[in-house]
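> sequence and predicted model, in that order:
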Amino acid sequence: MAEIIPLRPRKPCPICKKPSSQKFHPFCSNRCANEDLNSWLGGKYSIPVVEDEDEDGQDGLA
C-alpha cells in the first residue's frame, strides 16, 4: 500500500498547542474545535470593521 502524504504541514493546535490531528485540522481534537467555535459564537473573537460613509456619499444627517 502507498504511503499517505499529508496535504498540509503539521502545526500545533491553536487552543492547547498539542500536535494537530488531520481529522480535526487545525485542531488536535473535537473538544478544541468546539472550544474555538464557542469562542466565535460567544463574541470572544471579532473581525474589525471600519465604518464608511453611506453608499450615496452622505453622512446620513442631511
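Received the coordinates, thanks. In this text, all values refer to a predicted model and were calculated from it rather than measured experimentally.
> state the distance from Cys16 to Asp52.
Separation of Cys16 from Asp52 (C-beta to C-beta, to the nearest Å): 39 Å. Where you see a C-beta, it was placed from the backbone N, CA and C, and this is true even at glycine.
> looking at the two, which is more packed in?
Neighbours of Cys16 and Asp52, each counted by other C-beta atoms under 10 Å, are more numerous for Cys16; the result is 12 against 7.
> and the host helix or strand of Asp36, what's buried?
Remark: Asp36 resides in helix 30-41, with elements defined by DSSP states H and E. Neighbour counts using 16 or more other C-beta atoms under 10 Å place 32-33, 36 of helix 30-41 among the buried residues.
> wait, which of the residues you listed is closest to Ile5?
Taking C-beta to C-beta as the measure, Ile5 sits nearest to Ala33 out of the buried residues of helix 30-41, at 23.6 Å.
> ok, now which ones touch the closest one?
Going by C-beta atoms under 8 Å, 6 or more residues apart in numbering, Ala33 touches 24, 27.
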